[in-house]
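Novice: sequence first, then the predicted structure:
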Amino acid sequence: MASLRAVYLAPEQIDKIVTPLLSDAFKDYGFNRASIKEDETFDGEPIIRVRADVKEAVPARELVKILGRIHDALRAGNDERIVFLSAPGPAVVATAGDEDEDTF
């Protein structure tokens, strides 16, 4: 009898698939590396979180374009999990004080 249990790619396998795709797609944004984390949604569904370490924030259009390629590549490896991708760029540090901020 066939098992109905889902089989997923290991994080190392995911990294070997995802990193070259991100490296190529985000080269103009200073791609450095990707981090892969297996996680689950609030209702327990397994997901993959991918964070691209870049020097400049990646526009949403570029994120969506590469996300489709990542999903296709993972599905080719029989991994059907949803991928959450972020590439926020460097942290923005506020240089001004909070004088104009309303306080409650």
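Specialist: The structure has been received and is ready for your questions. Numbers count the residues shown, from 1 in each chain.
Novice: just confirm residue 43 is within a strand.
Specialist: No: counting by DSSP: H, G, I helix; E, B strand; the rest coil, residue 43 is not part of a strand but coil.
Novice: ok, it - contacts?
Specialist: Listed by C-beta atoms under 8 Å, 6 or more residues apart in numbering, the contact set of residue 43 is empty. To be clear about C-beta, it is placed using only N, CA and C from the backbone, and glycine gets the same treatment.
Novice: for it, phi and psi?
Specialist: Main-chain dihedrals, residue 43, degrees, to the nearest 10: phi -100, psi 10.
Novice: hey, where'd the helices end up in the protein?
Specialist: 11-25, 60-76 (DSSP state H).
Novice: now for the longest one, which elements pack on it?
Specialist: Taking 3 or more C-beta pairs under 8 Å, 6 or more residues apart in numbering; DSSP states H and E as the contact definition, the neighbouring helices and strands of helix 60-76 are helix 11-25, strand 82-86.
Novice: just give me how far stretch 49-57 sits from the chain centre.
Specialist: Averaging C-alpha positions (C-alpha atoms, centre = their mean, to the nearest Å) puts stretch 49-57 8 Å from its chain's average.
Novice: could you export that stretch as CSV, CA atoms only?
Specialist: As requested, the backbone C-alpha atoms of stretch 49-57 are provided in CSV (Å, rounded to 0.1, in the frame of the first residue of the first chain):
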residue,chain,number,x,y,z
ARG,A,49,10.4,30.9,4.4
VAL,A,50,13.2,32.3,2.1
ARG,A,51,15.0,35.5,3.0
ALA,A,52,17.4,37.0,0.4
ASP,A,53,20.2,39.0,1.9
VAL,A,54,20.5,42.0,-0.5
LYS,A,55,22.1,45.4,-0.5
GLU,A,56,19.1,47.2,-2.0
ALA,A,57,15.4,46.4,-1.5
